[in-house]
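*Asks:* no sequence on this one, just coordinates:
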């Protein structure tokens, strides 16, 4: 299928048929160019990555799992450089087009995977989520997308960024495909519905008012499905404090991950990417130590808020996708605001699913549901039920 | 002429004949891709520069001056990214080959200009020198090269880096061409010879012992030409202290120069280039203030050492050109050492000429002569006399 949205990496398209007769037979999938495909260089979104890293000899676990389940791989997709980006703009391979809101960014770093699914070029797609890289493009492109419980899935063959936050996620256009792929990836069918819905008052208050208004009908439907509804403050220490902790820990780990490559290759990178890595390289120990303590507080908070049977909802992003091609000086404050609504994922490891269904000025914006660690299948069940109720 | 050393920027080669009958008639020249040529995008050594800057409508002063004097422009040459580099490695256009020492870097940032002259692809070439960008490649490639008195020449149409240190320089293979082009560029014929030669004991002590040994015969010949010879400490505060001051002031100015472009374009740059710029962006005011005071001390020192009729000599670089393709972690200490022998140029604005004539392990290494501000023509005369005496 022609790549009319610049979702796939340049060059010949890799295609691998799935095992016949599997539960995902008939579905096509794409893999973010951070996942290994045997015999194909993993590009990592940066032209100096593949030059300094060996061609993989085996498929990443996630790729192998989908192939074994019968899905057909139809290509590798553009990613923000070495997964460091949240808006989906890549100066090397170009920015994928957001079919749901052309003229706006697709979100990142799983930009091409989201763009390919949104444009109907494949049914499902693999992404990675460290600080929001599945959730944000799912929100901006109007897709189902999951960041699973951290540590639940095998990440072998997936390029690391910040291992204590890295997860393998996936996108689908509809709740049915989403449930099917989730069942395969999680190794667990959609679970029982929760009985309590918490509405994160701090997160809704932090989002643009028109985003909160656009999501209100979805929250109402969700409440009818779940039963009990209660407002809560998700992050009593402050969303920006959680974000600060995550944005202290994540760059420190990312620097540790990429330092050997950088010190060998002196790679070309967008200015903003280097700037973020150097923030990690130069992080004072006092900041790191504080951030590690705040991470413990955040984990305790979500354990307290989310006993079995309870989920929490919040806007996935504080606004719909910004315009493409904004100057760097305007991008940074947008990234900072996004991280305030996404930091809990990397910080606490809790699973989170983006539910599509609302728009602002014609552009999608998603509602997220979060559950306690390990409750991924519950969130998938909620996505199915909400779709059935719509 | 075929570009067998990758000296010229990719794409069609620009050629402009010189005015007939000028003093440089019959000579060909190349211009570093920081100099404007009317109607040709100025590349600046970075693929995201020309996209965000207009195509120049007129020639740079230096280009126009050489054309008016009868030299023929035969191309634009590769430069380190936005002149930020001292070794001559460019990840976008490739590293020019040092014909005098293949397998070693050419030096930078005027890498292509030096490589083109060294390979005989043109007679003379324009470079820029802020922190050593003419002197270092002249030393590494075995060329005559000058960093003129700061502020003496019109820099219009030359891409700025750190304006209080930026200069327009040039290269030539032989002393005769060097004198001819210098006469045109300086608007002054080679002057009277000096009568006192100072030998910078601190700088010779800082260079590799085999470099000091290789330069000794040149120093001896120079002494016979000049007359009185005396050892002196050039930088009583420390060569590394002068370098520290220059490497505080220069990145601060470079950041001011490039910040608007960066904040608009988020350009791709080598990691090391961004890292240097951010050093400037984050420089504490206390460091900046101290460095400005040390600059005054360094200027006073050279005024004291270099009354009319006195010149000083030192190794241009502490070693010959390093190997190509070294990992970043090995490059940084080399850059730091080079800057200890080059900092006086940007810091004091004194003119400096590199004299070829020595080798270590078959690779060129140059002897530099420095005079008081405005004595450029004296240094050119010394170059001529040394050549005649050899």
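*Replies:* The structure has been received and is ready for your questions. Remember, predicted model here, so these are calculated numbers, not experimental data.
*Asks:* the stretch 151-300 of chain A against chain B: which residues are in contact?
*Replies:* A:262-272, A:274-275, A:277-278 (Cβ under 8 Å from any Cβ of the partner chain). Bear in mind the C-beta positions are built from the backbone N, C-alpha and C, glycine included.
*Asks:* farthest pair in the residues you listed?
*Replies:* In terms of Cβ to Cβ, these reach their longest pairwise distance at A:264 and A:272, which sit 22.0 Å apart.
*Asks:* between those two, which has more neighbouring residues?
*Replies:* Neighbour count, other Cβ atoms under 10 Å in any protein chain shown: between residue A:264 and residue A:272, residue A:272 has more, with 23 against 14.
*Asks:* which strand or helix spans that one?
*Replies:* helix A:271-281 (DSSP states H and E).
*Asks:* the helix or strand following that helix - contacts with which helices or strands?
*Replies:* Once the chain leaves helix A:271-281, the next helix or strand it forms, by DSSP H and E, is helix A:285-305. Under the contact criterion of 3 or more Cβ pairs under 8 Å, 6 or more residues apart in numbering or on different chains; DSSP states H and E, helix A:285-305 touches helix A:239-265, helix A:328-348.
*Asks:* helix A:285-305 to helix A:328-348, inter-axis angle?
*Replies:* 60 degrees (axes from the mean of the first three to the mean of the last three Cα atoms, to 10 degrees).
*Asks:* tell me how far the strand or helix carrying residue A:64 lies from the chain's centre.
*Replies:* If you go by DSSP H and E, residue A:64 is part of helix A:61-68. With Cα atoms, centre = their mean, to the nearest Å as the basis, helix A:61-68 stands 19 Å off its chain's centre.
*Asks:* buried residues, that helix. List them.
*Replies:* Buried positions in helix A:61-68, judged by neighbour count with 16 or more other Cβ atoms under 10 Å in any protein chain shown: A:61-67.
*Asks:* repeat for stretch A:83-98
*Replies:* A:83-93, A:95-98.
*Asks:* max pairwise distance over those: which two?
*Replies:* The farthest-apart pair in the buried residues of stretch A:83-98, when distances are taken by Cβ to Cβ, is A:84 and A:97, at 21.3 Å.
*Asks:* so the residue of the stretch 1-150 of chain A found nearest chain B, which state does it fall into?
*Replies:* Taking Cβ to the nearest Cβ, chain B has its nearest neighbour within the stretch 1-150 of chain A at residue A:91, 5.1 Å off. Per DSSP: H, G, I helix; E, B strand; the rest coil, the secondary structure class of residue A:91 is coil.
*Asks:* which stretches of chain A form helices?
*Replies:* Taking DSSP state H, the helices of chain A run over residues A:61-68, A:111-118, A:135-141, A:175-186, A:201-206, A:209-226, A:239-265, A:271-281, A:285-305, A:328-348, A:376-389.
*Asks:* packing partners for the third one?
*Replies:* Contact analysis of helix A:135-141 by 3+ Cβ pairs under 8 Å, 6+ apart lists helix A:111-118, strand A:144-147, strand A:167-172, helix A:328-348, strand A:352-360, strand A:363-370 as its packing neighbours.
*Asks:* quick one: average pLDDT of it?
*Replies:* Helix A:135-141 carries an average pLDDT of 98.
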